[in-house]
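Here is a sequence with its predicted model. Questions after.
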There are 2 protein chains.
Amino acid sequence: MELHEALARLETVQRKLFAYNTASSALYLDGATVAPRDTAEGRGVALGVLAGEQHRLMTDPALAQALAVLEQRRDELDRLHVREVEELGRSVRQLTRIPAEEYMAYAELTNEADSVWKRAKETSDFALFRPCLEKLVEYNRRFAGYYDPSKAPYDALLNEYERGVDTAYLDGFFRTLREKLVPLIRAVGEKPQPDVRFLHRYYPAARQRAFSDYLMQVMDLDRRHCGIGETEHPFTLNFTSRDVRITTHYYEDDLASSMYSVIHEGGHARYELDVDPQVEYTVLAGGASMGVHESQSRFYENIVGRSRPFIEAIFPKMRELFPEQLAGVTPEMFWRAVNRAEPSLIRTEADELTYSLHIMVRYEIEKALIGGTLAVKDVPETWNRLYKEYLGLEVPDDARGCLQDSHWSGGSFGYFPSYALGSAYGAQMLRNMEKEMDVWGPVGKGDLSHITAWLTEKVHRYGNLLTPAQLVENACGVFDPTAYTDYLTKKYTELYGL
Amino acid sequence: MELHEALARLETVQRKLFAYNTASSALYLDGATVAPRDTAEGRGVALGVLAGEQHRLMTDPALAQALAVLEQRRDELDRLHVREVEELGRSVRQLTRIPAEEYMAYAELTNEADSVWKRAKETSDFALFRPCLEKLVEYNRRFAGYYDPSKAPYDALLNEYERGVDTAYLDGFFRTLREKLVPLIRAVGEKPQPDVRFLHRYYPAARQRAFSDYLMQVMDLDRRHCGIGETEHPFTLNFTSRDVRITTHYYEDDLASSMYSVIHEGGHARYELDVDPQVEYTVLAGGASMGVHESQSRFYENIVGRSRPFIEAIFPKMRELFPEQLAGVTPEMFWRAVNRAEPSLIRTEADELTYSLHIMVRYEIEKALIGGTLAVKDVPETWNRLYKEYLGLEVPDDARGCLQDSHWSGGSFGYFPSYALGSAYGAQMLRNMEKEMDVWGPVGKGDLSHITAWLTEKVHRYGNLLTPAQLVENACGVFDPTAYTDYLTKKYTELYGL
């Protein structure tokens, strides 16, 4: 195969992958937003066919052949093509490493596990879920060997989610968090808590919708290219860097819930919209790893969105939209209320300070499960012991304990650490940003453009042209988790007068 | 190829076609409803790839081979497979009859013609559109020869839209309409017109949405399987017989507009939802020809929805939703207002009585253009002459004349007659229905179930298992256009006291 033929095939395959992804995303979005309730079947059939076509495309010997030619003649390729070949080659190899029968059997298992897990969670019955979880752990241990037999199994899985990250890296990270945050959380717990009752007055959905429009405007999310919808669980979906959708969920007795969903998803959207269009329709389009993505969404949500200058800047608009509800409330009271920190049982409802300890529990358990040092039957006991140790809480039942998350039932082991890493990356970005410019002056005037410009320059514009590790180095330098613990210590010392 | 292999391929291809259609529909629906304004590019790329994949699938020699085997062994197939082979074989042959270069060039031409037509319509400049229209006519004359060289060109095109229909059939049909309707319209024109001003009071969109929900309930459209959205132009889209979407457009100064859009699109949806699920995921799924489909949507919209018993049945609910707007309005006044008939220039805004005369003008012109007896340059003059003759109107400019519709710029010649045929089929179905049961008693109580049951039995359930001609015969018997003219004569005689 000639070089130009190989390049032509590379482009064709990527455009087809784009089309299949776009089609699947449109069906997913429809299902999550406007589709009538009992219409999943047809979409399921269509999605199955599209997944099959995508698999056929990726495992086509002609593609493997083209990639081999391009890898061999790497020196003749430009930077974009080099990375496209790297990324696509990696995906192709990954797909072909797992024997087809095992892949099929695993797909069936996760499908079954999902419904078993739901029932187990409803009835808080770990014993029901246990056989599934045992099989899932077994499969993942085996898959780890397919991914990279030279690595310890959990390291091989971690590498699939956040390339370059391994147990040594995470052990150091979580050790720092544990040492700094556990005492900090104890100290906060001894102080009086701010009043949050005004957040739970009646906030009509129509008004909250107008508030979302305003927040998107503050984040400079161009509505000609970024839509907002409503779903049970908020998410961000990117079709291209010029077509991104976010969703939120309005609770009429909770102002902060949708507010911070919009800012969080808006952060993901900001990232996607800022990717350089030159990578459009290739495998380099869209944001990099999940950890890098979370670093951006949490930057806007927590570091900016829960900062005092930001609250002060947007408060006049909030008073205009919610005059009765916020009568007698000052920006300072609001800032304190949305930063209330207290150990709790449920990860998805946790505050900024305690959130990473929830992750740490899951990390310890995953590591031991995949490493073979913890039996599935002992998960509830270990879970409850670690919640007591890190967060000082008694877990009343497994529904509010080790059955609360969907990740394991979906077969995701090694995914959780990305959440905590994202927060830590963000804090280090802030440290670097503050060295270079006045971050908070403009924020206090409702201007985030300097922040977006900085993040775009260091992270967003690259899409997948740089690896996650390169992006982190670009924006953070050498990873230093104390930037995160310092940030939290400073913030909560001020909030709680420690 | 063995029979079982050929059957397996038949099934696989149909499921893939279903998936590509579903994906394209989801992208179209997204674009028409919630997608941000400037996001067409990515969807365009994805749709292009999906169309290419579909074309590849249909022109795959292995499919042609399977179809040949199945056609040869037709006697061994069940009724469903026989029809699937017929329909799929027809589509495959059609795709391969036009040489690829001509097909590509034509696609480019229609793309260009669409934007030229828009500009020409805006500036009422027929000369601008004329070269495009000349090329489009030329292509369609040539394509007609590819479709069926044994037929006259316009007959070959007609057969593509409504199989079995030809010029002889339509000439008779339109002659009857002309003879009966032109004098009827004149007679109506001499009578005083009903008051319609109350239809244009302020009807808030939120209230109209509640009214749509009510109308869908009256039509027994199960909301677990039928959604409603909002778009510039109303349409119906079917994913499966258990997933159908309709759209409408709310004008706050026009109650009847969305009301009759919902009933019209609801009629299309009723048809799709009633198709027997045994044909799901095959080429036999979904309603038959456009003419048959329009017969159903117009049946619910005009025959039922603009009938006096229907208005009487739903009026209490309307009064509840719009108490101030309908103060002093009686069901009779409402019935008269929504049946106001008067010659007008624009087809899409025409009433039930004058609508088919708009179609007749287009039919005469298309027939002569494709038949080679009318030059494109003479279209405006002919158009204006026919509007004068049939509707008694002077056409002030081409924007409100021969440039008003998008069909010709999209390359559709032979499509228009289906609109009029649909109305006529519906009237004949009513005549047959009235022979078999009390149609209007239940309607007066807001119950349409007997009508839906009758239409489902004769038409809906078949999907494409019967041909359009068979469906018409099933429900109408021998086609008799006087059923339509009798229906209109009776209705408007009563309305206008002729």
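Yep, that arrived.

Helix or strand: which one has A:Arg245?
Assigned by DSSP states H and E, A:Arg245 belongs to strand A:243-248.

And A:Met433, how far from A:Gly305?
16 Å (Cβ to Cβ, to the nearest Å). (Glycine included, C-beta is placed from N, CA and C.)

more neighbours, the two?
A:Gly305 (25 against 19; other Cβ atoms under 10 Å in any protein chain shown).

if you skip the residues just before and after it, what's nearest to the more buried one?
Take A:Gly305 and drop its neighbours on the chain: the residue closest to it by Cβ to Cβ, 6 or more residues apart in numbering or on different chains is A:Ile263, 4.2 Å away.

hang on, the one you found packs against A:Ser307?
No: judged on Cβ atoms under 8 Å, A:Ile263 makes no contact with A:Ser307 at a distance of 11.2 Å.

Which one of those two is surrounded by more residues?
Taking neighbours as other Cβ under 10 Å, A:Ile263 and A:Ser307 compare with A:Ile263 leading, 26 against 19.

what sits against the closest residue to chain B within the stretch 351-498 of chain A?
Residue nearest to chain B within the stretch 351-498 of chain A (Cβ to the nearest Cβ): A:Gly463, separated by 14.6 Å. A:Gly463 sits next to A:241, A:275-276, A:279, A:284-288 when contact means Cβ atoms under 8 Å, 6 or more residues apart in numbering or on different chains.

from those residues, which single one is nearest chain B?
A:Ser241 (8.9 Å).

burial of that closest one, as a residue count?
24.

And it, how close does it get to B:Ala427?
Taken as Cβ to Cβ, the span from A:Ser241 to B:Ala427 is 53 Å.

about what we covered before: convert the C-alpha atoms of the strand holding A:Arg245 to CSV, please.
The C-alpha trace of strand A:243-248 is given here as CSV (Å, rounded to 0.1, in the frame of the first residue of the first chain):
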residue,chain,number,x,y,z
ASP,A,243,-21.8,21.8,18.4
VAL,A,244,-21.9,21.0,22.1
ARG,A,245,-24.8,20.3,24.4
ILE,A,246,-25.1,20.4,28.1
THR,A,247,-28.0,19.3,30.3
THR,A,248,-29.2,20.1,33.8
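
Summarise which helices and strands the next helix or strand after it is packed against.
Using DSSP H and E, the helix or strand that follows strand A:243-248 in sequence is helix A:255-273. If contacts are counted by 3 or more Cβ pairs under 8 Å, 6 or more residues apart in numbering or on different chains; DSSP states H and E, helix A:255-273 sits against helix A:205-218, strand A:226-230, strand A:236-240, strand A:243-248, helix A:290-298, helix A:449-458.

chain center to helix A:255-273, what's the gap?
12 Å (Cα atoms, centre = their mean, to the nearest Å).

Give me the sheet partners of the strand holding A:Arg245 and which way each runs.
strand A:226-230 (parallel), strand A:236-240 (antiparallel) (DSSP bridges).

Can you check which of those gets nearest to B:Glu342?
Of all the strands paired with strand A:243-248, it is strand A:226-230 that lies closest to B:Glu342, at 41.5 Å by Cβ to Cβ.

What lies in contact with the closest one?
A:29, A:32-33, A:212-213, A:216, A:244-250, A:262, A:269, A:273, B:34-36.

any idea of the angle that strand forms with helix A:205-218?
150 degrees (axes from the mean of the first three to the mean of the last three Cα atoms, to 10 degrees).

so what's A:Phe18 closest to, chain neighbours aside?
Closest to A:Phe18 by Cβ to Cβ, 6+ apart is A:Tyr281, at 4.7 Å.

Please apply the same query to A:Ala40.
A:Gly31 (6.6 Å).

element containing that neighbour?
Judged by DSSP H and E, A:Gly31 forms part of helix A:3-32.

tell me which helix or strand of chain A sits lowest on mean pLDDT?
Within chain A, confidence by mean pLDDT, DSSP states H and E is lowest for helix A:100-123 among all helices and strands, at a mean of 89.

So for it, what gets flagged as buried?
A:103, A:106, A:109-110, A:113, A:116-117, A:120-121 (16 or more other Cβ atoms under 10 Å in any protein chain shown).

Repeat that for stretch A:272-290.
A:272-275, A:279-290.

What of stretch A:188-203?
A:188, A:194, A:198-201, A:203.

what kind of secondary structure is the closest residue to chain B within the stretch 251-400 of chain A in?
The stretch 251-400 of chain A approaches chain B most closely through A:Tyr281 (6.2 Å), counting by Cβ to the nearest Cβ. Look at A:Tyr281: counting by DSSP: H, G, I helix; E, B strand; the rest coil, its state is coil.

got any ranges where the stretch 151-300 of chain A has weak pLDDT?
Low-confidence segments of the stretch 151-300 of chain A (pLDDT under 70): none present.

Name the residues of it found near chain B, please.
A:223-227, A:229, A:239-240, A:242-243, A:245, A:280-281 (Cβ under 8 Å from any Cβ of the partner chain).

if we can go back for a sec, in JSON lines: the helices and strands packed on helix A:255-273, plus distance to B:Glu389.
Converted to JSON lines, the helices and strands packed on helix A:255-273 look like this (distance: least, Cβ to Cβ, whole Å):
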{"stretch": "helix A:205-218", "distance to B:Glu389": "53"}
{"stretch": "strand A:226-230", "distance to B:Glu389": "49"}
{"stretch": "strand A:236-240", "distance to B:Glu389": "51"}
{"stretch": "strand A:243-248", "distance to B:Glu389": "50"}
{"stretch": "helix A:290-298", "distance to B:Glu389": "66"}
{"stretch": "helix A:449-458", "distance to B:Glu389": "65"}
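
Out of these, the one nearest B:Gly42 is which?
strand A:236-240 (3.8 Å).

Alpha carbons of the closest one, as PDB, please.
Taking C-alpha atoms only, strand A:236-240 is exported to PDB below (Å, rounded to 0.1, in the frame of the first residue of the first chain):
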ATOM      1  CA  THR A 236     -22.200  17.200  28.400                       C
ATOM      2  CA  LEU A 237     -22.200  15.800  24.900                       C
ATOM      3  CA  ASN A 238     -20.000  17.000  22.100                       C
ATOM      4  CA  PHE A 239     -20.800  16.500  18.400                       C
ATOM      5  CA  THR A 240     -18.000  18.800  17.200                       C
END
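
now that strand against helix B:3-32, angle please.
100 degrees.

so who does A:Ser124 touch?
A:397-400, A:403.

rerun at 7 Å
A:397-399, A:403 (Cβ atoms under 7 Å, 6 or more residues apart in numbering or on different chains).

The helix holding A:Gly31: how far from the chain's middle?
Worked out by Cα atoms, centre = their mean, helix A:3-32 lies 23 Å from the chain centre.

any idea of the mean pLDDT in it?
The pLDDT scores in helix A:3-32 average 96.

Of all the residues in it, which ones are buried?
A:6-7, A:9-10, A:13-32.

Over to stretch A:360-375?
For stretch A:360-375, by 16+ other Cβ under 10 Å, it's A:360-370, A:374.

now the nearest residue to A:Leu455 once chain neighbours are set aside: how far from B:Tyr487?
Of all residues not flanking A:Leu455 in the chain, A:Gln296 sits nearest, at 6.5 Å (Cβ to Cβ, 6+ apart). Using Cβ to Cβ, A:Gln296 is found at 64 Å from B:Tyr487.

Those two - which one has more neighbours?
A:Gln296 (29 against 20).

Could you verify my assumption that the more buried one touches A:Gly267?
Yes: in this structure, A:Gln296 is within contact of A:Gly267 by Cβ atoms under 7 Å, at 4.9 Å.

Double-check A:Ala420 against A:Leu357; I have them as touching.
No: with contact defined as Cβ under 7 Å, A:Ala420 does not reach A:Leu357; the gap is 9.0 Å.

Cheers, nothing more for now.
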